[in-house]
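Asks: Got a predicted structure here, sequence first:
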There are 2 protein chains.
Amino acid sequence: MKGKAAIDCTLYLVTDRELFPRIRIAEAVVQAILGGVTMVQLREKNVSSRDFYTVAMEIKEITDRYNVPLIINDRLDIALAIDAAGLHVGQDDLPARVARKQLSGTGKILGVSAATVAEALQAQVDGADYIGAGSVFTTDTKKDVRPLSLELLKKIKQAVTIPVVAIGGINENNAGLLQGTGIDGIAVVAAILGKKDARKAAEEVKKIVTFIH
Amino acid sequence: MKGKAAIDCTLYLVTDRELFPRIRIAEAVVQAILGGVTMVQLREKNVSSRDFYTVAMEIKEITDRYNVPLIINDRLDIALAIDAAGLHVGQDDLPARVARKQLSGTGKILGVSAATVAEALQAQVDGADYIGAGSVFTTDTKKDVRPLSLELLKKIKQAVTIPVVAIGGINENNAGLLQGTGIDGIAVVAAILGKKDARKAAEEVKKIVTFIH
């Protein structure tokens, strides 16, 4: 059994190749890490398992080089195959308790998405190491979600003992609004990957999250 | 370590919910097993991991009841999560050697698709327990494939020591053509799931495969 990597979710980059097909994801991840990203989640939808595996291997080389934990979205098999630092599951993915069981003895981090206090508490019971709480704001990345209130975000944070990362539509303009919620970090997609200079974008968001933290 | 289930791939049913959305897959699997199917592969494309997991759990109950091995297509995580008898990977899925490594010590069957002698040999080296060779005939299920010749099917069978299952467009009208190729079984989708009476369809194909076998 390997030791579990320490979780520093201050600034958590979540990739989305489908939304940003033109950027070279590997280079963007390098720049984002140089700009201060503390964790990376690889999210690949509508690709073959072989493609997901290949991209994940490529990104793992980068995150290993910079000693940043790489979390795989949804796919436990990919997380195991590339020996990622962890897995993040949402409510449409494998149930958290099933994922936790399959990860037992591996020392891998398990993150779970939650949009309510009940989901967050259940995730903690199921063995989550952190909560991804959101969507906090409206977002182009997931158009069908209703944002949860900052009051609810605060309640989620108070309900659990594990770290809570706010996600969903967070950028350099609205991140400051999260001050006082007690969250442990923020996860961003477009606020970094949507910008020409991913490093500068990460630095700007990092300043704000460090300030409110 | 559990013992590996014996492989009887005489008549191997491969499901395809996307192509046959109207049938209730669980009932069709029951009827197909009653008609003589010896192995079942659950293939689910473009569904969420949660949906795949839920359907797989449902089908596993059936295959367990009838003591028929359930093989999961593509998704190692689902195979592990439901404790399926095995996993089948194609050339777009996790590399066979990677899948074999993750399955080590589980006693699970690993099937690998191959369309050439080289692919079949590599699959055997990588730890495959059987080869799915095809497409043998043109098929509506996978429209972009070019069928391999019966001569090539025979060569694949002669090249490897593990069982070879022929797949791709096989039905009650053309299955007899496979006589003399030495294959260990046939895999069918539409020839059973495309018929109103899955049990009767399975019985008819089973008669032919038993005859040519």
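Replies: Thanks, I have it. Since we're looking at a predicted model, the values are computed, not measured.
Asks: Name the surrounding residues that touch stretch A:70-77.
Replies: Residues from elsewhere that reach stretch A:70-77 (Cβ atoms under 8 Å, 6 or more residues apart in numbering or on different chains): A:14, A:39-44, A:49, A:52, A:56, A:59-60, A:63-64, A:78-79, A:82, A:84-90, A:93-94, A:99, A:102-103, A:109, A:111, B:49, B:75-77, B:80-81, B:94, B:102. Backbone N, C-alpha and C define where each C-beta goes, glycine included.
Asks: List only buried entries from those residues.
Replies: Neighbour-count burial (16 or more other Cβ atoms under 10 Å in any protein chain shown) applied to the contacts of stretch A:70-77 gives A:14, A:39-44, A:49, A:52, A:56, A:59-60, A:63, A:78-79, A:82, A:84-90, A:93-94, A:99, A:102-103, A:109, A:111, B:49, B:75-77, B:80-81, B:94, B:102.
Asks: helices or strands next to the lengthiest helix in chain A in the packing?
Replies: Secondary structure of chain A per DSSP state H: the longest helix is helix A:49-66. Judged by 3 or more Cβ pairs under 8 Å, 6 or more residues apart in numbering or on different chains; DSSP states H and E, the packing partners of helix A:49-66 are helix A:25-34, strand A:39-42, strand A:70-73, helix A:76-81.
Asks: Please convert those to JSON lines, extending it with mean pLDDT.
Replies: Shown next, in JSON lines, are the helices and strands packed on helix A:49-66 (pLDDT from 0 to 100):
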{"stretch": "helix A:25-34", "mean pLDDT": "94"}
{"stretch": "strand A:39-42", "mean pLDDT": "98"}
{"stretch": "strand A:70-73", "mean pLDDT": "98"}
{"stretch": "helix A:76-81", "mean pLDDT": "98"}
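Asks: So which of the ones you listed is nearest B:Leu152?
Replies: Of all the helices and strands packed on helix A:49-66, helix A:76-81 sits nearest to B:Leu152, with 30.5 Å by Cβ to Cβ.
Asks: Output stretch A:121-129 as CSV, nothing but the C-alphas.
Replies: Taking C-alpha atoms only, stretch A:121-129 is exported to CSV below (Å, rounded to 0.1, in the frame of the first residue of the first chain):
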residue,chain,number,x,y,z
LEU,A,121,-22.3,13.8,3.6
GLN,A,122,-22.9,10.6,1.7
ALA,A,123,-19.7,11.1,-0.3
GLN,A,124,-17.8,11.4,3.0
VAL,A,125,-19.4,8.2,4.3
ASP,A,126,-18.6,6.5,1.0
GLY,A,127,-14.9,7.3,1.4
ALA,A,128,-14.3,10.5,-0.5
ASP,A,129,-11.1,12.4,0.2
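Asks: my read: A:Lys154 touches A:Gln179, true?
Replies: No. With contact defined as Cβ atoms under 8 Å, A:Lys154 does not reach A:Gln179; the gap is 11.0 Å.
Asks: Tell me which of those two has more neighbours.
Replies: The neighbour comparison of A:Lys154 against A:Gln179 (other Cβ atoms under 10 Å in any protein chain shown) goes to A:Lys154, with 17 against 14.
Asks: what's the nearest residue to that one if we skip its chain neighbours?
Replies: A:Thr181 (4.6 Å; Cβ to Cβ, 6 or more residues apart in numbering or on different chains).
Asks: what sits up against the longest helix of chain A?
Replies: Residues outside helix A:49-66 that contact it (Cβ under 8 Å, 6+ apart) are A:15, A:17, A:25-26, A:29-30, A:33, A:40, A:42, A:44, A:47, A:69-70, A:72, A:75, A:77-78, A:81-85, B:74-75, B:89, B:91-95, B:98.
Asks: count of neighbours near A:Leu121?
Replies: 15.
Asks: does it really touch A:Gln158, like I thought?
Replies: No. The pair A:Leu121 / A:Gln158 is not scored as a contact, 11.1 Å apart, by Cβ under 8 Å.
Asks: Following the chain onward from the helix or strand of chain A with the lowest mean pLDDT, which element is next?
Replies: In chain A, no helix or strand scores lower on mean pLDDT, DSSP states H and E than helix A:190-193, which sits at a mean of 91. Tracing the chain C-terminally past helix A:190-193 and defining elements by DSSP states H and E, one meets helix A:198-212 next.
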